[in-house]
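# got a structure for you, letters missing:
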């Protein structure tokens, strides 16, 4: 594996060993993809993110790079997820909202944490830049473009101002949405009919049985798509990150095309009868089980997505240099 020469130690020592030992969900897959995207960044950027940072809520101290890989790339989940029973994580969930794009009626609107005890549960929350669930692709594309403009602008501004921590937090939130678009479960967002049709074709394999469906309801998505993939990798050895555009508008437009190309690529992998479908049907998929053969297919998707994640980071960095 490629190492961070600027850190003097391998990424493995900081992050990768822990991931390979404890990776239990696509949630930690975000860390795999973000870590390798970070490796593809220019030396100056990686050196700046080597700086130590003390978390304003927990008080824990890590390098900015470690925070990006282990925490910031989960921001949207912290905004949209439930709190712990004791509510101890609510302050951090509310703090994360400042780095996540959200909107109402096609315009930016500050997100509201799902766990915020002060929110009105009867009022719909702003749409976060997390899942592209609209049934019309053009609506999802418009959301992707608006959010990309927002992230590129804020990341570039943070870098230009020397606020490397804020840049990393925005990068992490942006990366999460990019990576979720190709997860086995969320690749079907906005495409429920297509997923249902495939599951119907595979009904004999148990995909629509109660014990093979979320919450035991055959009308829900199959548990088949919720696999762990504990040994997924995203090797970017030899990949050179490139700019998506010289202006925010151009970069956002190119990014949006790439994001949807990523999804199409992932869907093609996940629907290959002789590939992913064959290997994962042989797994203990009802319990999120995987295998080395299935991980090979996941790794193809992860590598493809890591290129876009790296290009998004690099683009924001280059836009900052133009300010």
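Received the coordinates, thanks. What you are looking at is a predicted structure, and each value in this text was computed from that prediction instead of being measured.
# what's the spacing between residue 62 and residue 30?
17 Å (Cβ to Cβ, to the nearest Å). Placement of C-beta: from N, CA and C, glycine included.
# state the pLDDT value of residue 321.
For residue 321, the model assigns a pLDDT of 87.
# what's the burial count for it?
10 (other Cβ atoms under 10 Å).
# residue contacts, it?
residue 160 (Cβ atoms under 8 Å, 6 or more residues apart in numbering).
# the same query, at a cut-off of 6 Å, please.
By Cβ atoms under 6 Å, 6 or more residues apart in numbering, the contact set of residue 321 is empty.
# in this structure residue 30 contacts residue 178, no?
No - using Cβ atoms under 6 Å, residue 30 is not in contact with residue 178; the gap is 9.5 Å.
# any residues in contact with both of these two?
Going by Cβ under 6 Å, 6+ apart, no residue sits against residue 30 while also sitting against residue 178.
# where along this structure do the helices fall?
Under the criterion DSSP state H, the chain contains helices at 11, 17-22, 26-39, 43-48, 64-70, 75-80, 90-96, 137-160, 164-180, 192-201, 248-270, 276-281, 292-321.
# those helices into JSON lines, with extra columns for distance to residue 128?
What follows is those, written out as JSON lines (distance: least, Cβ to Cβ, whole Å):
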{"stretch": "helix 11", "distance to residue 128": "29"}
{"stretch": "helix 17-22", "distance to residue 128": "25"}
{"stretch": "helix 26-39", "distance to residue 128": "15"}
{"stretch": "helix 43-48", "distance to residue 128": "27"}
{"stretch": "helix 64-70", "distance to residue 128": "19"}
{"stretch": "helix 75-80", "distance to residue 128": "6"}
{"stretch": "helix 90-96", "distance to residue 128": "11"}
{"stretch": "helix 137-160", "distance to residue 128": "9"}
{"stretch": "helix 164-180", "distance to residue 128": "8"}
{"stretch": "helix 192-201", "distance to residue 128": "20"}
{"stretch": "helix 248-270", "distance to residue 128": "16"}
{"stretch": "helix 276-281", "distance to residue 128": "29"}
{"stretch": "helix 292-321", "distance to residue 128": "18"}
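# so for stretch 181-192, mean pLDDT?
96.
# gap between the residue lying closest to residue 283 once chain neighbours are set aside and residue 301?
Leaving aside its sequence neighbours, residue 283 sits nearest to residue 289 (Cβ to Cβ, 6 or more residues apart in numbering; 4.6 Å). As defined by Cβ to Cβ, residue 289 lies at a distance of 18 Å from residue 301.
# repeat that for residue 53.
Distance from residue 53 to residue 301, by Cβ to Cβ: 31 Å.
# between the two, which is the more surrounded one?
The neighbour comparison of residue 53 against residue 301 (other Cβ under 10 Å) goes to residue 301, with 28 against 18.
# who's in contact with that one?
Contacts of residue 301 (Cβ under 6 Å, 6+ apart): 182, 266, 269.
# number of residues surrounding the closest residue to it other than its chain neighbours?
Counting by Cβ to Cβ, 6+ apart, residue 301 lies nearest to residue 266, which is 4.7 Å off, once chain neighbours are set aside. Residue 266 has 24 neighbours, counted by other Cβ under 10 Å.
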